[in-house]
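Participant: build me a structure from this.
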Amino acid sequence: MLKPEAPHAPPRGDGRVVAVGEWLYDGMAPTPVTTQPSVSVLVGSSPGVTAASTLCLVTESDCGSAGAPADDVEWDAMYAASEQVWSGNPNNALLADVTGVTPGTAVDVGCGEGADAIWLAQGGWQVTAFDVSSTALARASDHLANAGVTVQLIHSGLLEPAVTGAQFDLVNVQYPALLHEQGRSLNALLELVAPGGTLLFVHHADTEWDEARRAGFDPANYLLPRNVHAALDGGWDVQVYEERPRRVTTGAGAGHNLDVVLRARRNPLALR
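Facilitator: Below you'll find the model as predicted:
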């Protein structure tokens, strides 16, 4: 049912979609958006996305992982191929390294279907989570509603304006697919960490590189823990950098049994 009067939002002709309250603007007439009170933000590009009734949402039409426009289409296709891609459980390293830490602000980079974000929110963290896939975010929205927690969900890649500039006490990066982009991805990732904050970066240690290259995928083109570790200077305290066994029996990650875990704390006096 339409509201009698939609709130004002400036018209746009730059490909952005803006939602204000329960209304979605595409630069022309407002369209009503369904609401879920437990989800503080869900950015979308078409009517029918979920959003809280009191917040303003902005998305870029060309968003993608590390700024690659095609990534959102590819990831949406991957998620659409099955009802659930991942296990639905928070990642092992997140549980091991963050349990007992005093909650603050956290960002989940490439949040997928939302399991890590939900766990953090349940632990008292103020969570922002972003992903290039609107399909994944829609599922995360449903899972958040079922869990009864609030998370700010953003449809964005790491290098998009919706993400850059913010800083967090915890930056959670689990098995990311981030192209180097001439070092821009690494710089953007490190800048997300507030002074005194922690970066938790986890990836597979048992990737079959030769097999991946034969399939047309070169892991060396993507940001890995060793790249991040090599970039950490005296402004960082590397607390953990090690391989760990993992046991995941369900979901798309079930075939991997060894992780590389990097946990580093940024100097509290670090300048931006």
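Participant: lowest confidence element among the helices and strands of this protein?
Facilitator: Least confident helix or strand of the chain, by mean pLDDT, DSSP states H and E, is strand 56-59 with a mean of 25.
Participant: which other helices and strands does the longest strand anywhere in the chain contact?
Facilitator: Across the chain, the longest stretch assigned as strand under DSSP state E is strand 193-204. Contacts defined by 3 or more CB pairs under 8 Å, 6 or more residues apart in numbering; DSSP states H and E place strand 193-204 against helix 92-98, strand 168-174, helix 184-191, helix 225-231, strand 258-266. Glycine gets a C-beta too; all of them are placed from N, C-alpha and C.
Participant: of those, which approaches residue 147 most closely?
Facilitator: helix 92-98 (15.6 Å; CB to CB).
Participant: relative to strand 258-266, how tilted is the longest strand of the chain?
Facilitator: On the basis of axes from the mean of the first three to the mean of the last three CA atoms, to 10 degrees, strand 193-204 is oriented at 170 degrees to strand 258-266.
Participant: pull out the buried residues from strand 193-204.
Facilitator: Judged by neighbour count using 16 or more other CB atoms under 10 Å, the buried positions of strand 193-204 are 193-194, 197-204.
Participant: and those, which two are furthest apart?
Facilitator: Among the buried residues of strand 193-204, 194 and 204 lie farthest apart (CB to CB), at 27.5 Å.
Participant: and the pLDDT for residue 270?
Facilitator: According to the prediction, residue 270 has pLDDT 68.
Participant: can you pull the contacts of the nearest residue to residue 170 once chain neighbours are set aside?
Facilitator: Distance criterion CB to CB, 6 or more residues apart in numbering; nearest residue to residue 170, sequence neighbours excluded, is residue 106 at 4.0 Å. Contacts for residue 106 (CB atoms under 8 Å, 6 or more residues apart in numbering) come out as 120, 125-128, 168-172.
Participant: what bits of this structure have low per-residue confidence?
Facilitator: 1-71, 249-256, 270-272 (pLDDT under 70).
Participant: which stretches in it count as helices?
Facilitator: Ranges of helices in the chain, per DSSP state H, are 71-80, 92-98, 115-122, 134-147, 184-191, 209-214, 225-231.
Participant: closest one to residue 176 among those helices?
Facilitator: Nearest to residue 176 among the helices of the chain is helix 184-191; the distance by CB to CB comes to 8.5 Å.
Participant: identify each buried residue in the closest one, please.
Facilitator: 185-186, 188-190.
Participant: could I get these as TSV with distance to residue 114?
Facilitator: Below are the buried residues of helix 184-191 laid out as TSV (distance: CB to CB, whole Å):
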residue	distance to residue 114
185	22
186	25
188	22
189	20
190	24
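Participant: compute the inter-axis angle for the longest strand of the chain and helix 115-122.
Facilitator: Using the same axes, to 10 degrees: strand 193-204 against helix 115-122 is 140 degrees.
Participant: so what strands line up beside strand 193-204?
Facilitator: strand 168-174 (parallel), strand 258-266 (antiparallel) (DSSP bridges).
Participant: tabulate those in CSV, adding columns for mean neighbour count and distance to residue 219.
Facilitator: Converted to CSV, the strands paired with strand 193-204 look like this (neighbours: other CB atoms under 10 Å; distance: least, CB to CB, whole Å):
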stretch, mean neighbour count, distance to residue 219
strand 168-174, 23, 16
strand 258-266, 20, 12
